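Colleague: Need coordinates for the below:
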Amino acid sequence: MLAIAIILMVIGMIGIFIPGIPGNGLIFLSTLLYGIFTKFEEISVIMIVIFGVLTIAAFMLDYISSVMGAKKFGATKAGIIGGILGGFVGLFIFNIIGLLIGQFFGTLIGELYYGKELKLSMKSGVGSLIGYIAGVAINTTIGLTIIVLFLLKVLI
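Modeller: Below you'll find the model as predicted:
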């Protein structure tokens, strides 16, 4: 069961960088399933609750950082929606680099569609990238924290 939990955690870590894969959610689910299958003998219910709280915090902080990054640089709702759509399109065309490029251009196009000038639209695009990068950093930190605490508890 430990091997399956670790595989799910690795997929979860990949999911932090790729939209559509529930990164920290999958990491949390793997710890919960491990606890259930081992009858919480190696990992306590309290630890699972802590991991759950960390996972909820990761989701909230990810959302807040993305929106705040875009808004701080002046993005409108059209720019934020454009950034999300552009990120998905870019991901499918050019992988991770495409995600970043697509998010930037999606925000840019959304802002231009809204009627903003090119310079302000580009600023919003940069803001959406900064927000995304901040979200990835937060999620990576929380994901690694959960994994390390889990492995320390289970292996030691």
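
Colleague: Check which helices and strands the host helix or strand of G90 is in contact with.
Modeller: Secondary structure from DSSP states H and E places G90 in helix 77-114. If contacts are counted by 3 or more C-beta pairs under 8 Å, 6 or more residues apart in numbering; DSSP states H and E, helix 77-114 sits against helix 45-72, helix 118-155. Every residue, glycine included, has its C-beta placed from N, CA and C.

Colleague: And the longest one, how far out from the chain middle?
Modeller: Here the centre of mass of C-alpha atoms in helix 118-155, compared against the chain's by C-alpha atoms, centre = their mean, to the nearest Å, lies 6 Å away.

Colleague: so what does it touch, helix or strand wise?
Modeller: Checking 3+ C-beta pairs under 8 Å, 6+ apart, helix 118-155 ends up next to helix 2-17, helix 23-37, helix 45-72, helix 77-114.

Colleague: how about JSON lines for those helices, with distance to T140, mean neighbour count and mean pLDDT added?
Modeller: Listed next are those as JSON lines, based on distance: least, C-beta to C-beta, whole Å; neighbours: other C-beta atoms under 10 Å; pLDDT from 0 to 100:
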{"stretch": "helix 2-17", "distance to T140": "6", "mean neighbour count": "17", "mean pLDDT": "94"}
{"stretch": "helix 23-37", "distance to T140": "9", "mean neighbour count": "21", "mean pLDDT": "96"}
{"stretch": "helix 45-72", "distance to T140": "10", "mean neighbour count": "17", "mean pLDDT": "89"}
{"stretch": "helix 77-114", "distance to T140": "14", "mean neighbour count": "20", "mean pLDDT": "89"}
